[in-house]
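Enquirer: what's the 3D shape of this:
(one chain, ligands or ions: 2)
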Amino acid sequence: MNIILLGPPGAGKGTQAQKLVAERGMIQLSTGDMLREARSSGTEMGKIVADVMDRGDLVTDEIVIGLIEEKLNGPQGGGFIFDGFPRTLAQADALEALLRKVGQSLAAVIEMRVDDEALVARITARSTCADCGAVYNDRTRPIPADGKCENCGGTEFTRRADDNEESLRQRLMEYYKKTSPLIGYYHAKGKLHPIDGLADIDTVSGEIKAVLDKA
Ligand code: AP5
Ligand code: MG
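Expert: Ligands and ions are numbered 1, 2, ... in the order given. Take a look at the predicted model:
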């Protein structure tokens, strides 16, 4: 089963994707994570996208579609979770064509609804395990008291370069201008399932499970 987690920065896409990977053996395809990996490994593409990401702008459709295409030709596990992709109508059309090419389709698009105020609070309190990418939050999911990641035991935690108020403002602008039209696009296709992303992490997981069990 292939699904999209759609929502603004800080909506909880990565948090919920990691839970689905652990519980259902699905494969998380986060274009944000792929781009950050390219940055830290110093590839040509990484250098090109670094400034764009730090500003909070969108990377070109061509680059992210290429990243996704590569993954779709790899192992399919218990299905793909598209996290942070697609983000434009052109990416959505490309995804449909790419899935068709590998004999797959989209089961559901989960729209995670959260208000802007909550997003700022979440993003400015986020940290990530440097080893496995597990997502923490100073307020809602603190790093364990022994300083070790719950998932892998790693002891180094990082904050993202684009998790500051100025970049976040731009990321939100990009979301409303370029990504939110996808809500209508998937509604028209009968795939859209809005959920309350403001609820606590386990309640949100329960809402997603209910959607997936019916899809
Ligand atoms: P990306 O990495 O995708 O960032 P984003 O969309 O801005 O989303 P985030 O990762 O910030 O938030 P999230 O929804 O995953 O929330 P999380 O679970 O971490 O993209 C980064 C950049 O890469 C883009 O700006 C762009 O430049 C580029 N890019 C990526 N994809 C692209 C594409 N397709 N096209 C073009 N450019 C692209 O949670 C946030 C915090 O809240 C955490 O601390 C978490 O613990 C906490 N939290 C989560 N859920 C809850 C809850 N229910 N209650 C309380 N706290 C919660
Ligand atoms: Mg994320």
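Enquirer: Let me see the ranges of the helices in the chain.
Expert: Secondary structure of the chain (DSSP state H): helices at 13-24, 31-40, 44-55, 61-72, 89-101, 116-123, 165-174, 181-188, 201-214.
Enquirer: now for those helices, which one comes closest to C152?
Expert: Of all those, it is helix 13-24 that lies closest to C152, at 11.6 Å by Cβ to Cβ. C-beta here means a position set from N, CA and C on the backbone, and glycine is covered the same way.
Enquirer: Tabulate the CA atom coordinates of the closest one in PDB.
Expert: C-alpha atoms of helix 13-24 as PDB (Å, rounded to 0.1, in the frame of the first residue of the first chain):
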ATOM      1  CA  LYS A  13       5.000  13.800   8.600                       C
ATOM      2  CA  GLY A  14       8.500  12.400   9.600                       C
ATOM      3  CA  THR A  15       7.300  11.400  13.100                       C
ATOM      4  CA  GLN A  16       4.400   9.400  11.700                       C
ATOM      5  CA  ALA A  17       6.400   7.900   8.800                       C
ATOM      6  CA  GLN A  18       9.000   6.500  11.200                       C
ATOM      7  CA  LYS A  19       6.200   4.900  13.200                       C
ATOM      8  CA  LEU A  20       4.700   3.300  10.100                       C
ATOM      9  CA  VAL A  21       8.100   2.000   9.100                       C
ATOM     10  CA  ALA A  22       8.600   0.300  12.500                       C
ATOM     11  CA  GLU A  23       5.000  -1.000  12.700                       C
ATOM     12  CA  ARG A  24       4.200  -2.000   9.100                       C
END
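Enquirer: who's in contact with the residue in the chain that ligand 1 sits nearest to?
Expert: Closest residue of the chain to ligand 1, Cβ to the nearest ligand atom: G32 (1.9 Å). Counting by Cβ atoms under 8 Å, 6 or more residues apart in numbering, G32 touches G14, D83, G84.
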